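*Asks:* what follows is a predicted protein model with its sequence.
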Amino acid sequence: MAKPLIITTLLSLLLLLFTTALANSDSPFIVAHKKASLNRLKSGAERVSVSVDIYNQGSSTAYDVSLSDESWPQDLFDIVSGNTSKSWERLDAGGVISHSFELEAKTKGMFNGAPAVITFRIPTKAALQEAYSTPILPLDVLADRPPEKKLEWRLLAKYGSLMSVLSIVVLFVYLVATPGKSGGAKGSKKKR
């Protein structure tokens, strides 16, 4: 039983040493987080809002940063706003840049998006470096969903004042009907 614990501890220690060495090196360390959410319109269409946050967790600036998210096929999605790719001149150490765009779904079904690709340049290396964003969870596009039960504001506006008056009356009856611990109990004691 102790052998798997020792192996796990050694692997964790090696991973910690490796990430510490990466963080202490004089280079950018790009981390990207991709998020997607579905928005159903009243017309029945469904839009996908996608945002990608790019973080430079390293100790130096990344230059010629480019984001490319080509995982949205044109036969399944139309671009409503924004672009699926964007470029920035630089991303300073500790900096964050964000990009978002919106798509409209054409067909119904499950969609699994691939991670976005981020390329950047390090002044000490000639080759472009690549980083990948987190993948998104599967999206059930144009799925048949039951209508959400929302608070009916019409009912609240119509019966809200009646409920307020009823609750005040019930509270008053409760306070009058229940015996209290007031001065009446003290008056029955004999004084000497």
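*Replies:* Yes, it's here.
*Asks:* can you give me the neighbour number for the residue lying closest to residue 139 once chain neighbours are set aside?
*Replies:* Residue nearest to residue 139 in three dimensions, not counting chain neighbours: residue 111, with 4.7 Å by C-beta to C-beta, 6 or more residues apart in numbering. (Each C-beta comes from the backbone N, C-alpha and C, glycine too.) Residues contacting residue 111 under the criterion other C-beta atoms under 10 Å number 20.
*Asks:* how much space between residue 111 and residue 71?
*Replies:* Distance from residue 111 to residue 71, counting by C-beta to C-beta, to the nearest Å: 9 Å.
*Asks:* what segments of the protein are strands?
*Replies:* With DSSP state E applied, the chain shows strands at 30-40, 46-56, 62-68, 77-81, 85-91, 96-105, 109-111, 117-121, 129-132, 139-141, listed in chain order.
*Asks:* low-confidence stretches in this protein?
*Replies:* Within the chain, the stretches with pLDDT under 70 are 1-25, 145-153, 181-192.
*Asks:* of the strands of the chain, which is nearest residue 161?
*Replies:* Taking C-beta to C-beta, strand 30-40 is the member of those nearest to residue 161, at 33.4 Å.
*Asks:* distance between that closest one and the chain's centre?
*Replies:* Its chain's average C-alpha position is 8 Å from that of strand 30-40, according to C-alpha atoms, centre = their mean, to the nearest Å.
*Asks:* identify each buried residue in that strand, please.
*Replies:* Within strand 30-40, the residues that qualify as buried by neighbour count (16 or more other C-beta atoms under 10 Å) are 30, 32, 34, 36, 38.
*Asks:* ok now do residue 38, which residues does it touch?
*Replies:* The contact partners of residue 38, by C-beta atoms under 8 Å, 6 or more residues apart in numbering, come to 46, 47, 48, 139, 140, 141.
*Asks:* can we see that at 10 Å?
*Replies:* For residue 38, the contact set (C-beta atoms under 10 Å, 6 or more residues apart in numbering) comprises 46, 47, 48, 49, 105, 111, 139, 140, 141, 142, 143, 145.
*Asks:* so how far is the longest helix anywhere in the chain from its chain's centroid?
*Replies:* In terms of residue count, the longest helix belonging to the chain (DSSP state H) is helix 153-177. Relative to its chain's centre, helix 153-177 lies at 39 Å (C-alpha atoms, centre = their mean).
*Asks:* quick revisit: between the contacts of residue 38, which is nearest residue 120?
*Replies:* residue 49 (25.1 Å).
*Asks:* now the spatially most central residue of the chain: closest residue in space that isn't a chain neighbour?
*Replies:* In the chain, the residue lying closest to the centroid (C-alpha atoms, centre = their mean) is residue 35, at 6.8 Å. Nearest non-adjacent residue to residue 35, counting by C-beta to C-beta, 6+ apart: residue 51, 5.2 Å away.
*Asks:* measure stretch 40-49 end to end?
*Replies:* Start to finish, the residues bounding stretch 40-49 are 11 Å apart (C-alpha to C-alpha, to the nearest Å).
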